[in-house]
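Peer 1: Quick one, what's the 3D model for this:
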Amino acid sequence: MHKRVACLLLLLCLLLPVHAMATEDGTAPFARTKTYDGRFADVAESSAFYENVAALYEYGLTVGRTENNYAPKDDMTVGQAVIFAGRVRSLYDNGDPEQGAAAFRAEGLPTAIPYLHYLQSEGVLGAELGSGSLGVPATRAQVAHILANLLPEEFLPSINESAVAEGYTRGMYITDVTGTTLYEQDILKLYRCGILQGADQTGSFFPDAYITRGAAAAMLTRMMDPALRITLDWEIPKAYSAAGTTYAQLVPPGQAVTAPTTEAEMDLAVRHMFSRGENFMELKYDSLTTDDARKTMELALRVVRHYCEQGYNHVNCTYNYGGGMRLQFSATAEGDTEAHRAAALACAIEVHDSLWAEGKLSAGMTQTEKARVYFDWICANTVYDHGADGDSASHLAYGLFENGTAVCDGYTGAYNLFLRLEGIPCSTLGNDDHIWTVATLDGTACHIDVTWGDVEPGPDHSRFAMTAEESYQLHPW
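Peer 2: Numbers count the residues shown, from 1 in each chain. This next block holds a predicted model:
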């Protein structure tokens, strides 16, 4: 009696579909049953897809478009992608690439239909791919969707989880895939699993581009062979890093004003210029006299210097009596303006990141506490330049970072640059002889004079976070 039960259990086990077993290391046991003999003349050994096409042949998934050609540069159709995917799944299910689709074959059916029905029966695909779409070229996003659920999760571990989580969510990598991209999550899954790496330094996927047979071969064979998968080596700064920040990102956008006459209108126009990464404004008035042009130029420069972290201390004006005017801003009357600006921002970012890495700045600190750290840093690393003339680099944040010397607008420009990197709203205020910072720290407006705070033997914190009344007593405006 016991022997009969055992036999019945054995018979039932043999009748059940048997999935290929995992090897000890957890990888899918896809076997290469052939040896590639270099038969595809159009896939040279130097080709980026040589190893993948060879593997595709050795797994028994392709014999080429013709006997001697694989056609790696040709577009792959949706139907062809479904056929390849069906063969991979059948290898996993049955150890045979064709057995899965065989049960769905019927006379007169297009070649890809049995594979499609097989994948749908396995839950790999739903009804989103109809028979009418099988003959058209497949986009890269469509192939990502076809492959994303092809194999069980245990065979596709997320080897790039942190790289994708950081790089994608922070907008540094895979920037051409967004929340509106068709099959976004399928695409990201294949990056996480080492099936995709992108086509350039930022991992761009080009989801709407048609996929070539070579690129498809790479994706398919990485699904089967973990040794072919890619570990992403993206350089991702720490979450606190300001790397990649531009001057344009540091100022609220403003808006285009073609004929500003008030300080408020000019402020909108200046911020619009900054947020576009430009250093000029094209204005158009009904008419202009020489006096009108001079007053407009002076107004523009005064407003620009409210944002002295931008590193523009000079303006050049050209105009005509018909009302046309062009204002061109620069760091100094002569010199490498853009090089100076780039160097100053790079130094500020380096200091910012270092202070965070060293724990001198942390997420739990208030804005006031962070602003004090930067106040102290500038005082500790700067010497007032008593010999500076009107064109000295000491008038710029650049001079403070590059030479360790500054006068009031250099001090203030560097300090405001730090505050803006922390997202702290700030501007400047000044009189005929001096300029300093006005900032909003933890919701409270205050005045900060880092120049006059730089004294020996240490910073004078009475010049930090002053009220307007205290600031006015120090330097009326």
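Peer 1: what element comes up after the helix or strand containing residue 143 heading to the C-terminus?
Peer 2: Using DSSP states H and E, residue 143 sits in helix 140-148. Using DSSP H and E, the next helix or strand after helix 140-148 towards the C-terminus is helix 161-169.
Peer 1: Give me the buried positions along that next one.
Peer 2: Across helix 161-169, burial judged by 16 or more other Cβ atoms under 10 Å covers 163-164, 166-168. Every residue, glycine included, has its C-beta placed from N, CA and C.
Peer 1: can you dump the C-alpha coordinates of it into PDB?
Peer 2: Taking C-alpha atoms only, helix 161-169 is exported to PDB below (Å, rounded to 0.1, in the frame of the first residue of the first chain):
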ATOM      1  CA  GLU A 161      19.900  49.600  -6.800                       C
ATOM      2  CA  SER A 162      21.700  52.400  -5.100                       C
ATOM      3  CA  ALA A 163      23.200  53.800  -8.300                       C
ATOM      4  CA  VAL A 164      19.800  54.000 -10.000                       C
ATOM      5  CA  ALA A 165      18.000  55.300  -6.900                       C
ATOM      6  CA  GLU A 166      20.500  58.100  -6.400                       C
ATOM      7  CA  GLY A 167      21.400  58.900 -10.100                       C
ATOM      8  CA  TYR A 168      17.900  58.800 -11.400                       C
ATOM      9  CA  THR A 169      15.900  60.400  -8.600                       C
END
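Peer 1: could you say what helices and strands it packs with?
Peer 2: If you count contacts as 3 or more Cβ pairs under 8 Å, 6 or more residues apart in numbering; DSSP states H and E, helix 161-169 packs onto helix 184-192.
Peer 1: which outside residues touch the helix it packs on?
Peer 2: 141, 144-145, 147-149, 156, 158-161, 164, 168, 174, 177-178, 181, 196-198, 203, 205, 207, 219, 232 (Cβ atoms under 8 Å, 6 or more residues apart in numbering).
Peer 1: Isn't residue 269 up against residue 282?
Peer 2: No - counting by Cβ atoms under 8 Å, residue 269 does not reach residue 282; the two are 10.1 Å apart.
Peer 1: Could you check which of these two has the larger neighbour count?
Peer 2: residue 269 (21 against 12; other Cβ atoms under 10 Å).
Peer 1: Who are the contact partners of that one?
Peer 2: Taking Cβ under 8 Å, 6+ apart as the test, what residue 269 contacts is 254-257, 260, 281, 283, 300.
Peer 1: Now the buried members of the residues you listed.
Peer 2: Here, 16+ other Cβ under 10 Å leaves 254, 257, 260, 281, 283, 300 buried among these.
Peer 1: Could you say which helix or strand holds the residue positioned nearest the centre of the chain?
Peer 2: Per Cα atoms, centre = their mean, the C-alpha nearest to the average position across the chain is that of residue 172, at 1.5 Å. Assessed by DSSP H and E, residue 172 sits outside every helix and strand.
Peer 1: and the gap between it and residue 220?
Peer 2: Per Cβ to Cβ, to the nearest Å, residue 172 is found 28 Å from residue 220.
Peer 1: just residue 353 next, same as before
Peer 2: 41 Å.
Peer 1: Same check on residue 276?
Peer 2: 44 Å.
Peer 1: okay, the two: which has more neighbours?
Peer 2: residue 220 (26 against 12).
Peer 1: any weak-confidence spans in this protein?
Peer 2: 1-28 (pLDDT under 70).
Peer 1: all strands of it, in order?
Peer 2: Secondary structure of the chain (DSSP state E): strands at 280-284, 314-319, 324-330, 383-384, 405-406, 426-430, 435-441, 444-448.
Peer 1: so the first one versus strand 324-330, what angle?
Peer 2: In other words, strand 280-284. 160 degrees (axes from the mean of the first three to the mean of the last three Cα atoms, to 10 degrees).
Peer 1: quick one: contacts for residue 265?
Peer 2: residue 257.
Peer 1: What of residue 222?
Peer 2: Contacts of residue 222 by Cβ under 8 Å, 6+ apart are 52, 194-195, 228-230.
Peer 1: again, but for residue 344
Peer 2: Contacts of residue 344 (Cβ under 8 Å, 6+ apart): 311, 396-398, 401-402, 413-414, 417.
Peer 1: what is the orientation angle of the helix holding residue 143 with helix 184-192?
Peer 2: 70 degrees.
Peer 1: re the thing from before, what's the farthest-apart pair in the buried residues of helix 161-169?
Peer 2: Using Cβ to Cβ, the two most remote members of the buried residues of helix 161-169 are 163 and 168, lying 8.6 Å apart.
Peer 1: still on that earlier bit, got JSON lines for the contacts of residue 344, with neighbour count and distance to residue 94 too?
Peer 2: Output for the contacts of residue 344, formatted as JSON lines (neighbours: other Cβ atoms under 10 Å; distance: Cβ to Cβ, whole Å):
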{"residue": "311", "neighbour count": "29", "distance to residue 94": "67"}
{"residue": "396", "neighbour count": "30", "distance to residue 94": "71"}
{"residue": "397", "neighbour count": "31", "distance to residue 94": "68"}
{"residue": "398", "neighbour count": "28", "distance to residue 94": "68"}
{"residue": "401", "neighbour count": "26", "distance to residue 94": "66"}
{"residue": "402", "neighbour count": "14", "distance to residue 94": "68"}
{"residue": "413", "neighbour count": "30", "distance to residue 94": "70"}
{"residue": "414", "neighbour count": "29", "distance to residue 94": "68"}
{"residue": "417", "neighbour count": "28", "distance to residue 94": "64"}
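Peer 1: Output the residues you listed in JSON lines; the columns should cover distance to residue 293.
Peer 2: What follows is the contacts of residue 344, written out as JSON lines (distance: Cβ to Cβ, whole Å):
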{"residue": "311", "distance to residue 293": "24"}
{"residue": "396", "distance to residue 293": "26"}
{"residue": "397", "distance to residue 293": "29"}
{"residue": "398", "distance to residue 293": "29"}
{"residue": "401", "distance to residue 293": "35"}
{"residue": "402", "distance to residue 293": "34"}
{"residue": "413", "distance to residue 293": "27"}
{"residue": "414", "distance to residue 293": "32"}
{"residue": "417", "distance to residue 293": "31"}
